[in-house]
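Asks: structure for this input, please:
(one chain, ligands or ions: 1)
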Amino acid sequence: MDEVPEPGVELGSVVVETLAVGVCGTDVEIAAGLYGWAPPGRERLILGHESLGRVVDPGPSGFAVGEHVVGIVRRPDPVPCPNCAVGEWDMCSNGGYTERGIKQVDGFMADRWRIEPEYAVKVDESLGVLGVLLEPTTVVAKAWEHIAAIGRRSFWEPSTVLVVGAGPIGLLAALIGVQYGGDVHVLDRVTSGRKPALVEALGATYHTGPVSELGLRPDVVVECTGVTQLVRDVADAAAPGGIVCLTGVGPPEAPGAGSSASLASDAVLKNLVVFGSVNANRRHYYRAAQVLSRADRSWLEQLITRRVEPEALDDALEREPDDIKVVVEFAKP
Ligand code: BGC
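Replies: Reported below is the predicted structural model:
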């Protein structure tokens, strides 16, 4: 926690008052010095990429004072690569992109931030603090878009969806799976607490225990833990023609851990696609807003399990066993 100057105009013409900022595993890693990059020539980075704010000075943007906005996280690389050139910076092919609060540009965890009008997304004010869930929802909206795109490679009628990990990303992935009409199953380690009830409230099925004992042949797997053994296990369980989407970066694997003996045979003999997905572009922010607006508000409210004041940021970065989404609250929406 530090005093910082007002955000510089180089960050954009729209001035925003922070309402809330979500905390995720990426923030915990950055705070621990394991990930993240300070702006060039600086030693520190303002954290925070899951934003929600209120416009205080729209400049020439067309936004109105008081409107709620969320900042897009990634900016295209300056070259730009072909993907960034067409606005698909989430698919940046040279790694030269930057990310607010993560990679070389200050984030949103300050009383005020600035943003370029074209990277601010208006959110429904009636969502209140739930608007802070937009950014994590974009990450899964993109993942689902790519699953659908890959599915078009063949005649494919997916029905069974397995989500591994019932954190915020897993639960939001399950929400989208249910909205798509899938028979959604969620696997997590915990046997009690909020997660089982949240999954059941979606109309999905909650499981614990080994993947091999679930008795499922999922057509789609959204893996949100990044645990290598689980990736192997879900590839094994997936139905022929299945699609396994990896969204989580797990702990480093111990040498010789797990076995890769049958990954190639699984993938080849079952026509599997195992792919990774990160970040989101503007289209996914639009999709994510649709997902949130169709969701049950009281269900979304239960995803925010802790709200802390900025002074208690250290507590926000400490994970408690039953946490789902922890939010740093700067001002009342
Ligand atoms: C953010 C993404 C970002 C990724 C990698 C995630 O926590 O939600 O926007 O691209 O980290 O830096």
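Asks: flag every residue of the stretch 151-300 of the chain that's near the ligand.
Replies: 278, 279 (C-beta under 6 Å from any ligand atom). The way it works is simple: take the backbone N, C-alpha and C, and place the C-beta from them, glycine included.
Asks: quick one: the strands in the stretch 151-300 of the chain?
Replies: With strands called from DSSP state E, counting those that start in this stretch, the stretch 151-300 of the chain shows them at 160-164, 183-187, 205-207, 220-223, 243-246, 273-276.
Asks: I'd like the mean pLDDT over the second one, please.
Replies: Per-residue pLDDT values across strand 183-187 average out to 98.
Asks: so what strands line up beside that strand?
Replies: For strand 183-187, the paired strands and their directions (DSSP bridges) read strand 160-164 (parallel), strand 205-207 (parallel).
Asks: ranking the strands of the stretch 151-300 of the chain by burial, who's on top?
Replies: Sort these by mean neighbour count, taking mean count of other C-beta atoms under 10 Å, and strand 220-223 sits at the top with a mean of 30.
Asks: so in that sheet, which strands flank it, and in what orientation?
Replies: In the sheet, strand 220-223 lines up against strand 160-164 (parallel), strand 243-246 (parallel) (DSSP bridges).
Asks: now the strands paired with strand 183-187 in CSV, with mean pLDDT?
Replies: Putting those into CSV (pLDDT from 0 to 100) gives the following:
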stretch, mean pLDDT
strand 160-164, 98
strand 205-207, 98
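Asks: show me the contacts for residue 102.
Replies: The neighbourhood of residue 102, defined by C-beta atoms under 8 Å, 6 or more residues apart in numbering, consists of 26, 30, 35, 36, 37, 45, 49, 73.
Asks: pLDDT score for it?
Replies: pLDDT, residue 102: 98.
Asks: got the buried residues for the top strand by length along the chain?
Replies: The single longest strand within the chain, with elements called by DSSP state E, is strand 14-23. Of all the residues in strand 14-23, those buried under the rule 16 or more other C-beta atoms under 10 Å are 14, 15, 16, 18, 19, 20, 21, 22, 23.
Asks: so which helix or strand of the protein has the lowest pLDDT on average?
Replies: Taking mean pLDDT, DSSP states H and E as the measure, the chain has helix 263-269 as its least confident helix or strand, at a mean of 87.
Asks: tell me the gap between it and the middle of its chain.
Replies: Offset of helix 263-269 from its chain centre (C-alpha atoms, centre = their mean, to the nearest Å): 29 Å.
Asks: do stretch 294-308 as well
Replies: Counting by C-alpha atoms, centre = their mean, stretch 294-308 comes out at 15 Å from the chain centroid.
Asks: which residues touch the least confident helix or strand of the chain?
Replies: Among residues not part of helix 263-269, those counted as contacts by C-beta under 8 Å, 6+ apart are 232, 235, 236, 238, 272, 273, 274.
Asks: name the element residue 331 belongs to?
Replies: Taking DSSP states H and E as the criterion, no element holds residue 331; it sits outside all helices and strands.
Asks: now do the phi/psi pair for it.
Replies: Summarising the backbone geometry of residue 331 under the convention degrees, to the nearest 10, its torsions are phi -150, psi 160.
Asks: next one: residue 25
Replies: phi -60, psi -30.
Asks: report how many residues lie close to it.
Replies: A count of nearby residues for residue 25, using other C-beta atoms under 10 Å, gives 16.
Asks: try residue 230
Replies: By the measure other C-beta under 10 Å, the count of residues near residue 230 is 22.
Asks: was I right about it contacting residue 211?
Replies: Yes - taking contacts as C-beta atoms under 8 Å, residue 230 lies within contact range of residue 211: 6.8 Å.
Asks: where do the contact lists of these two overlap?
Replies: Where contact means C-beta under 8 Å, 6+ apart, the residues bridging residue 230 and residue 211 through contact with each are residue 164.
Asks: spit out the contact partners of residue 291.
Replies: Shown in contact with residue 291 (C-beta under 8 Å, 6+ apart): 137, 141, 172, 175, 176, 179.
Asks: ok, and the most crowded of those residues?
Replies: Scoring the contacts of residue 291 on neighbours with other C-beta under 10 Å, the highest-scoring entry is residue 172 at 29 neighbours.
Asks: phi first, then psi, for the residue lying closest to it once chain neighbours are set aside.
Replies: Setting aside the residues directly before and after it, residue 172 is nearest to residue 140 in space (C-beta to C-beta, 6 or more residues apart in numbering), at 4.8 Å. Here is the backbone geometry of residue 140 (degrees, to the nearest 10): phi -80, psi -30.
Asks: next, count neighbours for residue 140.
Replies: The burial metric for residue 140, expressed as a neighbour count using other C-beta under 10 Å, is 30.
Asks: now do it against the ligand, distance only.
Replies: Residue 140 sits 10 Å away from the ligand, taking C-beta to the nearest ligand atom, to the nearest Å as the criterion.
Asks: and if you look at residue 324?
Replies: Computed with C-beta to the nearest ligand atom, the distance linking residue 324 and the ligand is 15 Å.
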